[in-house]
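Undergrad: my questions concern the predicted model and sequence given below.
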Amino acid sequence: MKTLSWRTLLIGAVVITLVIAGLVYFFARTPDGPQIIGAPSTPQTAWDQEHWAEVERGYQLATQTYELLPDNVPVDRLHCSSCHLNAGGNPKSAWWVDLGARYPTDTDLQARINQCFERSMNGNPLCTPATEGAAGDCDANPEMAAFLTYMQWLDQQWAAQGLDVAPPQGYPPIAQLTGDVARGDDLFEPKCGICHGVSGQGQTAQGEYAFPPLWGVHSFNASAGLARNQETLARFIKWNMPLNTPGSLTDQQAWDLAAYLESQPRPSEVAQ
């Protein structure tokens with residue numbers, strides 16, 4: 001029997017490792033949880049066929065928010081997908097799966113979406129949800145309907161994965177630490193500046209949106225969850241940034257960067 005060379009064995013081991021890694025990635029059965037839900041491309045079910053225009057419109061609104069809704073986002077230069085990465089389809093980035101369980105009525109969810117427009121977008125609500133004393137107009141608002149339908153489509157994509165785990169919520173946890181503004185200042189340029197600019201004002205490519213501003217007049221206001229809760233911001237940073245190597249920062253670095261970002265100027269809180 002011919003003995004295999006170490007070189008052949010090594011090549012075989014590498015190939016097997018790559019195949020296994022590819023299968024793990026494809027079927028998303030790693031301890032990290034469910035896979036990212038990609039952009040809607042082709043309707044697959046009868047429900048998809050019936051609602052596809054609204055599904056696509058909801059995705060467009062999530063990824064081109066200030067461009068498509070200038071009356072609602074007149075100053076801000078963020079998209080919904082600036083914070084909810086992959087247009088709400090990323091399980092480590094406060095995705096939009098299972099929102100129906102957290103906001104059990106359309107009115108509840110409509111109010112929450114409006115809150116994002118007023119705070120995270122520093123803008124104006126899409127419509128007026130119904131209350132006990134008034135009917136409201138959100139049910140007739142096409143943009144709100146598109147958001148709700150797209151979120152329903154995300155729920156269906158999650159269900160199609162067949163994972164026997166509860167949908168994750170928010171951002172994964174990190175260690176309870178204290179952020180340091182000075183350390184965060186030192187970290188910002190090498191870790192964040194290449195995308196967001198050394199002044200934190202975001203960047204465009206050929207006039208088109210590329211990376212969002214992190215403070216200043218075009219960023220989220222002081223009422224937004226990422227501005228009010230340093231732990232929330234640290235968790236977002238830890239698991240989603242830098243964009244090309246998410247999870248590569250230490251917990252302490254995430255806290256330090258969060259402290260630095262929260263020390264920067266941004267629009268005032270909206271009246272409660």
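TA: Sure, I can see it. Just so you know, these numbers come straight off a predicted model, no measurement behind them.
Undergrad: quick one: the closest residue to residue 267 other than its chain neighbours from residue 74, how far?
TA: In this structure, residue 267 finds its nearest non-sequential neighbour in residue 221, 3.8 Å apart by CB to CB, 6 or more residues apart in numbering. C-beta coordinates here come from the backbone N, C-alpha and C atoms, glycine included. Distance, residue 221 to residue 74, using CB to CB, to the nearest Å: 13 Å.
Undergrad: quick revisit: for the residue nearest to residue 267, give me its contacts.
TA: Each residue near residue 221 by CB atoms under 8 Å, 6 or more residues apart in numbering is listed here: 119-120, 122, 227, 266-270.
Undergrad: residue 194 now?
TA: Applying CB under 8 Å, 6+ apart, we find residue 194 in contact with residue 242.
Undergrad: can you tell me the helix or strand for it?
TA: Residue 194 belongs to helix 194-196 when assigned by DSSP states H and E.
Undergrad: could you point out the helix or strand that follows that helix?
TA: strand 203-205.
Undergrad: so what strands line up beside that following strand?
TA: strand 208-211 (antiparallel) (DSSP bridges).
Undergrad: what is the subsequent helix or strand relative to the partner strand?
TA: Taking DSSP H and E, what comes next after strand 208-211 is helix 225-228.
Undergrad: and that next one, what does it pack against?
TA: Applying 3 or more CB pairs under 8 Å, 6 or more residues apart in numbering; DSSP states H and E, one finds that helix 225-228 makes contact with helix 230-240.
Undergrad: I'd like the average pLDDT over the helix or strand following the helix it packs on.
TA: Going down the chain from helix 230-240, the next helix or strand is helix 251-262, by DSSP H and E. The average pLDDT within helix 251-262 is 98.
Undergrad: and for stretch 49-68?
TA: 98.
Undergrad: quick one: contacts of it?
TA: Contacting residues not belonging to stretch 49-68 are listed as 39-40, 43, 48, 69, 73, 76-81, 84, 87-88, 121, 142-143, 145-153, 209 [CB under 8 Å, 6+ apart].
Undergrad: ok, 7 Å please
TA: 39-40, 43, 48, 69, 73, 76-81, 87-88, 121, 143, 145-147, 149-150, 153 (CB atoms under 7 Å, 6 or more residues apart in numbering).
Undergrad: gap between the residue nearest the centre of the chain and residue 137?
TA: Closest to where the C-alpha atoms of the chain average out (CA atoms, centre = their mean) is residue 84, at 1.5 Å. As defined by CB to CB, residue 84 lies at a distance of 25 Å from residue 137.
Undergrad: and residue 54, by the same measure?
TA: Distance from residue 54 to residue 137, counting by CB to CB: 18 Å.
Undergrad: wait, residue 237 sits on residue 258?
TA: Yes - using CB atoms under 7 Å, residue 237 is in contact with residue 258, at 5.9 Å.
Undergrad: next, count neighbours for the closest residue in space to residue 239 that isn't next to it in sequence.
TA: Once flanking residues are discounted, residue 239 sits nearest to residue 92: 4.4 Å by CB to CB, 6+ apart. Neighbourhood size, residue 92 [other CB atoms under 10 Å]: 22.
Undergrad: make sure residue 92 is indeed in a helix.
TA: No - per DSSP: H, G, I helix; E, B strand; the rest coil, residue 92 lies outside any helix segment and is coil.
Undergrad: if I pick residue 177, what's in contact with it?
TA: Contact analysis of residue 177 by CB under 7 Å, 6+ apart lists 251-252, 255.
Undergrad: TSV for those, including neighbour count and distance to residue 175?
TA: Shown next, in TSV, are the contacts of residue 177 (neighbours: other CB atoms under 10 Å; distance: CB to CB, whole Å):
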residue	neighbour count	distance to residue 175
251	16	4
252	18	8
255	27	8
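Undergrad: so which of the residues you listed is the closest to residue 35?
TA: residue 251 (24.3 Å; CB to CB).
Undergrad: ok, so what distance separates the closest one from residue 192?
TA: Residue 251 is 17 Å from residue 192, by CB to CB.
Undergrad: likewise residue 216?
TA: To residue 192, residue 216 is 14 Å away according to CB to CB.
Undergrad: tell me which of the two has more neighbours.
TA: residue 192 (22 against 15).
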